[in-house]
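In: have a look at this prediction, sequence included:
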2 protein chains.
Amino acid sequence: MKKTFLKNKKNIQFLIIGLGLIGGSVAKRLSKNGFEVLAIDKNKSHLKYAKKSKIIVGSSEKTDSAKKLFVIIALPPKILFSNFDKYLDFFHKAEFITDCTSVKGSLLNKIVKNKLESKFILSHPIAGSEKSGFLNSNEDLFKDKISIISKHKGLAISTLQKCKEFWFELGSKTHNLDPKLHDKIFSLTSHLPHVVAFSLISLFSKRKTSEYKKFIGGGLKDFTRIAESDPAMWENIFSLNKINLLKDISEIEKEINKIKTFILQDNGDKLEKHLKKIKKTKESFNR
Amino acid sequence: MKKTFLKNKKNIQFLIIGLGLIGGSVAKRLSKNGFEVLAIDKNKSHLKYAKKSKIIVGSSEKTDSAKKLFVIIALPPKILFSNFDKYLDFFHKAEFITDCTSVKGSLLNKIVKNKLESKFILSHPIAGSEKSGFLNSNEDLFKDKISIISKHKGLAISTLQKCKEFWFELGSKTHNLDPKLHDKIFSLTSHLPHVVAFSLISLFSKRKTSEYKKFIGGGLKDFTRIAESDPAMWENIFSLNKINLLKDISEIEKEINKIKTFILQDNGDKLEKHLKKIKKTKESFNR
């Protein structure tokens, strides 16, 4: 990709808000690539360590009005929401702002309300992990991943280009997706599977005996990775994508009930037919 | 393991009933280890191929009353049930019989009814796969896996020893588990996760658009492996473990409803607390 906006590294400061798994990984890659990186985080020892390791040059006091400020928000969605106004000064000074959250709709309202729609673009790197926190961050987290960019009305074309260059700098491809469709898709493909996985492990905990534990390999293990995800972040996501998610939960309840009814009625033929159809859908994923 | 019953290979014939993924893999390993293997299967071309490849020496016509007959049943549970009487002659002639099914309780009733409890022992190799059929079978399927053996009243001690030697011959360790507890444990750790995975993919199929398909990596992918499992076998398993499974389905419905209610009531604190507890359970799996 031909770089336009990220060409002159000396002229740019990146300010990362939130130095967790995502923010830490962004900071590590950018500093490695020769950019000046600043970071804000409530954990002072992480900031100190990051400065000592030359991942960042300092915190917000180091912003230099002679340079272009690129703000990357890497906070869990609800924390970003409740602290949005606190960072407004930086947002207004900034040349470019993006986030990394996995719920889009309600953030867009905040952006428009604060007249930031020209330079604030919604991003969602598909690089999450059941691991969380700065200590798990790494410079290659975004390598060969996809970052979703959600364009909206009023966005400057240059902001879109900056965002593409930013994710390219981190090693990712970008993919455009409407904010509302984004939230619908992720409700089904990510948020609902998390609800289900959390529920299965919760049920399991009620029977936890050493015997049960030995046999989780027969299916349950496939669900356990995502049930280890960060509880605070997932509470945030479930709440912020409430409308889509509640709809999807109701629909999965119906699907489970369908299989339950076939079993209850000893309707083996219909059950097998139903499972066959599902297997076909699954196989189409590989195409 | 010191071999007693499988020591004299010339003196033994193995008869495999059902030459699918499991039966085919048993046959391949046993013939490779120098045993004489016979097989029964409705698919004549698989039998022909297996004979040509020296995996088996023939079918049931080759049984030799001068040799000890070891019968290994590798049929889906319902097919075993409806054809049980058809194989009674072999069972009565046999020195040893075991199955490979993942539902135990109802099979035990059949065994007792036919006075086979002394030489018929229940086995369940934890070596399933989303792949099925003879073409996916391989001689190493059981290597380093666990096979569950369910002891019952009236079982001869020598039968237990034969069963251990048999699974050891295939490369597996054995683990003893009461038949009723077996069905309860596998309802939760395997059968219920399959119900849930099938349900998720079924819901997904209703929204299948090219956009949705691109983003299954965010959680849904973890569920998709088991939704590709053999529909006929899983219909069998769901039906035969009906009582345990219906109970577990009702409980997972309650668990999903619990999260749903927290979201609906905007009860973020309780939701986060609930997810934290679940994460701890999951982490205990690794210990």
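Out: That came through fine. No experiment lies behind these values; they were computed from the predicted model shown.

In: just want the angle from the longest helix anywhere in chain A to helix B:242-264.
Out: Taking DSSP state H as the criterion, chain A has its longest helix at helix A:242-264. Helix A:242-264 and helix B:242-264 are oriented at 170 degrees to each other (axes from the mean of the first three to the mean of the last three CA atoms, to 10 degrees).

In: give the buried residues for helix A:242-264.
Out: With burial defined by 16 or more other CB atoms under 10 Å in any protein chain shown, the residues of helix A:242-264 counted as buried are A:242, A:244-245, A:248-249, A:251-253, A:255-256, A:259-260, A:262-263. The C-beta positions use only the backbone N, C-alpha and C, and glycine is treated the same way.

In: past it, which element shows up next along the chain?
Out: Next helix or strand after helix A:242-264 toward the C-terminus (DSSP states H and E): helix A:268-285.

In: ranges for the helices of chain A?
Out: Assigned by DSSP H, the helices in chain A fall at A:21-32, A:44-52, A:77-83, A:88-93, A:105-113, A:157-169, A:179-186, A:192-205, A:210-213, A:221-224, A:231-240, A:242-264, A:268-285.

In: give me the buried positions along the fourth one.
Out: Meaning helix A:88-93. Those buried within helix A:88-93 under the rule 16+ other CB under 10 Å are A:90-91.

In: if we can go back for a sec, which of the helices of chain A has the lowest average pLDDT?
Out: The minimum mean pLDDT among these belongs to helix A:221-224 (a mean of 78).

In: check whether that helix contacts chain B.
Out: Yes - counting by CB under 8 Å from any CB of the partner chain, chain B is contacted by helix A:221-224 at A:222-224.

In: can you dump the C-alpha coordinates of that helix into PDB?
Out: C-alpha atoms of helix A:221-224 as PDB (Å, rounded to 0.1, in the frame of the first residue of the first chain):
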ATOM      1  CA  LYS A 221     -13.700 -28.700  25.100                       C
ATOM      2  CA  ASP A 222     -14.600 -26.900  21.800                       C
ATOM      3  CA  PHE A 223     -16.600 -24.400  23.900                       C
ATOM      4  CA  THR A 224     -14.200 -23.800  26.700                       C
END
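
In: who are the packing partners of that helix?
Out: Other helices and strands packing on helix A:221-224, by 3 or more CB pairs under 8 Å, 6 or more residues apart in numbering or on different chains; DSSP states H and E, are helix A:192-205, helix B:192-206, helix B:221-224.

In: switch the cut-off to 10 Å
Out: Using 3 or more CB pairs under 10 Å, 6 or more residues apart in numbering or on different chains; DSSP states H and E as the contact test, the elements touching helix A:221-224 are helix A:192-205, helix B:192-206, helix B:221-224, helix B:268-285.

In: from the buried residues of helix A:242-264, which are also near chain B?
Out: Contacts with chain B are made by A:242, A:245, A:248-249, A:251-253, A:255-256, A:259-260, A:262-263 out of the buried residues of helix A:242-264, judged by CB under 10 Å from any CB of the partner chain.

In: could you save those as JSON lines and add columns showing distance to A:D99?
Out: Converted to JSON lines, those look like this (distance: CB to CB, whole Å):
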{"residue": "A:K242", "distance to A:D99": "19"}
{"residue": "A:L245", "distance to A:D99": "19"}
{"residue": "A:D248", "distance to A:D99": "23"}
{"residue": "A:I249", "distance to A:D99": "26"}
{"residue": "A:E251", "distance to A:D99": "28"}
{"residue": "A:I252", "distance to A:D99": "28"}
{"residue": "A:E253", "distance to A:D99": "32"}
{"residue": "A:E255", "distance to A:D99": "33"}
{"residue": "A:I256", "distance to A:D99": "34"}
{"residue": "A:I259", "distance to A:D99": "39"}
{"residue": "A:K260", "distance to A:D99": "40"}
{"residue": "A:F262", "distance to A:D99": "44"}
{"residue": "A:I263", "distance to A:D99": "44"}
